[in-house]
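J.: Return atomic coordinates for the entry below.
(4 chains)
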Protein chains: 2
Amino acid sequence: MSNVKKILIADDEPDILEIIQFNLQSEGYEVITAKNGDEAIEAARIHQPSLIILDIMMPGKNGIEVCNILRLQPAFKETLIIFLSALSDESTEVRGLETGADDYLTKPISPKILVSKVNSLFRRVASKGSMGMIKIGDLVIDREKYMITYQGNDIILARKEFELLALLASKPSKVFLRNEILNQVWGTEVIVGDRTIDVHIRKIRQKLNLDCITTVKGVGYKFEMQ
Amino acid sequence: MSNVKKILIADDEPDILEIIQFNLQSEGYEVITAKNGDEAIEAARIHQPSLIILDIMMPGKNGIEVCNILRLQPAFKETLIIFLSALSDESTEVRGLETGADDYLTKPISPKILVSKVNSLFRRVASKGSMGMIKIGDLVIDREKYMITYQGNDIILARKEFELLALLASKPSKVFLRNEILNQVWGTEVIVGDRTIDVHIRKIRQKLNLDCITTVKGVGYKFEMQ
DNA sequence: TTACCGGTTAACAATTTGATAATATGCTAA
DNA sequence: TTAGCATATTATCAAATTGTTAACCGGTAA
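T.: From the prediction side, this is the model:
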């Protein structure tokens, strides 16, 4: 990963805040804290964290309210949210999950479980395919830097080659039809010959020096790591 | 989704099994039960459930072992798994999540929380869109990946073969008339001889090495798992 | 200008696929 | 039992698809 994942924690108890912060930071995450619901909303807007851990019982806006407010905004539709609650009141827990949280933790919090759940959530989302950075095995595709790294070596691809590879790698194992590829990489207006895709595929295979692109005859191409 | 979601529950305590079964059935799910790890694996293979709820402590193979075994097989890569544990032993919980479970529940189980988590999990997966997958017994047909897996082995079919099988498997037990097959797979314009279908059927039978396509003389073909 | 790069195309080779013909097998009804 | 019909099997060949190489062209940096 190029940039470290940001996690926002909102809780009114400083002790809890500190414990969580410490544990997540030792895992390599960047942690932002907030002492109440309003601070949480403000911090979320500013830092755009990947994950928000919300205590349910907080002065002012409680965690569920914060979650509801955030979920209304498109920017936070995909943001992971975990609820934290002192009471093991199950109706609250149910309400939390229905509100659109991704997980739930009850106090007292076990650092190990916390860290495990956080990692697990990120893993689940990562497999969904987050834009910007594609990582498959030893292969790293960085859309922003337009760069490809394989086993630590940088590989230079031309634009079309890069976009074609990035497309295929965005959904490993999915077969992309030639039409899909043309639309995604070349656009709908441009009309290019039949052999154009093949030639680009060949160049990629050549440069990567690795058989990660499979031909499905009569259908299309797919990306697969061994 | 066309058919109801299947959920497999494995627990050695009949009471727990019954409680969970009752609650999930009232939610409209189809429930299959297993009394131990081996039964669970067998049942999973046969019924191909969308979700498996595994008790960790079971005679014979425990839940974590079952999960590990299942996760090795491509057919269960995407299957949701929830662990169930009587002990709130956190190291076990951590191990569970690391093993590749999607969630975790501790006994005593609150029916409301259970149902809520199950719904929540399905919602999360649904948004991901796992369309185009046909699962029948040990056979998995993945339209997106253009791949067929039978008993964990990948089988490569050519385009027409794949489409023909996918058609037949899309409605198991339904007899497809030769005309229907021609229209669906070959299209209305193309005209091909009578023996063409036979030959393709034969190739599929050969590659699958399994008698899942039945001939209905004078009518057509149908797909059926034993 | 000149050299180079990326994108495209043309031409041909290699491969895979699909359709058909020819033959065999098996079922059914008279 | 046997003729007649439907399907199974096999081999073969043509067509479709993709791989490969080299050449072309326009833009751009030295």
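
J.: Need the pLDDT of the spatially closest residue to A:R178 that is not a sequence neighbour.
T.: Nearest residue to A:R178 in three dimensions, chain neighbours excluded: A:G220, at 5.5 Å (C-beta to C-beta, 6 or more residues apart in numbering or on different chains). C-beta here means a position set from N, CA and C on the backbone, and glycine is covered the same way. According to the prediction, A:G220 has pLDDT 94.

J.: residues in contact with A:G220?
T.: A:175-178, A:180-181 (C-beta atoms under 8 Å, 6 or more residues apart in numbering or on different chains).

J.: and the residue of chain A nearest DNA strand C?
T.: A:A158 (2.8 Å; C-beta to the nearest atom of the strand).

J.: residue contacts, that residue?
T.: A:K203.

J.: Could you pull up phi and psi at A:E13?
T.: phi -100, psi 110 (degrees, to the nearest 10).

J.: Now do the same for the residue of chain A most remote from its centre: its pLDDT.
T.: Distance from the centre of chain A peaks at A:G193, with 36.0 Å (C-alpha atoms, centre = their mean). Note on A:G193: pLDDT of 89.

J.: One more: A:W186?
T.: 87.

J.: give me the number of residues near the closest residue in space to it that isn't next to it in sequence?
T.: In this structure, A:W186 finds its nearest non-sequential neighbour in A:V192, 6.0 Å apart by C-beta to C-beta, 6+ apart. A:V192: 11 surrounding residues under other C-beta atoms under 10 Å in any protein chain shown.

J.: Helix, strand, or coil at A:V192?
T.: Using DSSP: H, G, I helix; E, B strand; the rest coil, the structure places A:V192 in coil.

J.: what separates it from A:A158, distance-wise?
T.: Separation of A:V192 from A:A158 (C-beta to C-beta, to the nearest Å) stands at 15 Å.

J.: again with A:D194
T.: Taken as C-beta to C-beta, the span from A:D194 to A:A158 is 20 Å.

J.: likewise A:D138?
T.: Distance from A:D138 to A:A158, by C-beta to C-beta: 22 Å.

J.: How about the residues of chain A by DNA strand C?
T.: Listed as neighbours of DNA strand C in chain A under the rule C-beta under 7 Å from any atom of the strand: A:156, A:158-161, A:186, A:190-193, A:195-196, A:199-200, A:217-218.

J.: if we can go back for a sec, for the residue nearest to A:W186, phi and psi?
T.: Torsion angles, degrees, to the nearest 10, at A:V192: phi -120, psi 160.

J.: Surely it is in contact with A:N183?
T.: No: counting by C-beta atoms under 8 Å, A:V192 stays clear of A:N183, with 11.7 Å between them.

J.: In three-state terms, label A:T214 for me.
T.: Quick answer, by three-state DSSP: A:T214 is strand.

J.: what residues are up against it?
T.: A:221-224.

J.: And the residues you listed, which of them are buried?
T.: Neighbour-count burial (16 or more other C-beta atoms under 10 Å in any protein chain shown) applied to the contacts of A:T214 gives A:221-223.

J.: Quick check: next helix or strand after the least confident helix or strand in chain A by mean pLDDT?
T.: The weakest-scoring helix or strand in chain A, judged by mean pLDDT, DSSP states H and E, is helix A:90-99 (a mean of 57). Remark: after helix A:90-99, the chain's next helix or strand is strand A:103-106, criterion DSSP states H and E.

J.: which of the buried ones among the contacts of A:T214 lies closest to B:N209?
T.: Nearest to B:N209 among those is A:K222, at 24.3 Å by C-beta to C-beta.

J.: hmm, back to that, list phi and psi for the residue farthest from the centre of chain A.
T.: Dihedral angles (degrees, to the nearest 10) for A:G193: phi -70, psi 170.

J.: That concludes my questions; thank you for your assistance.
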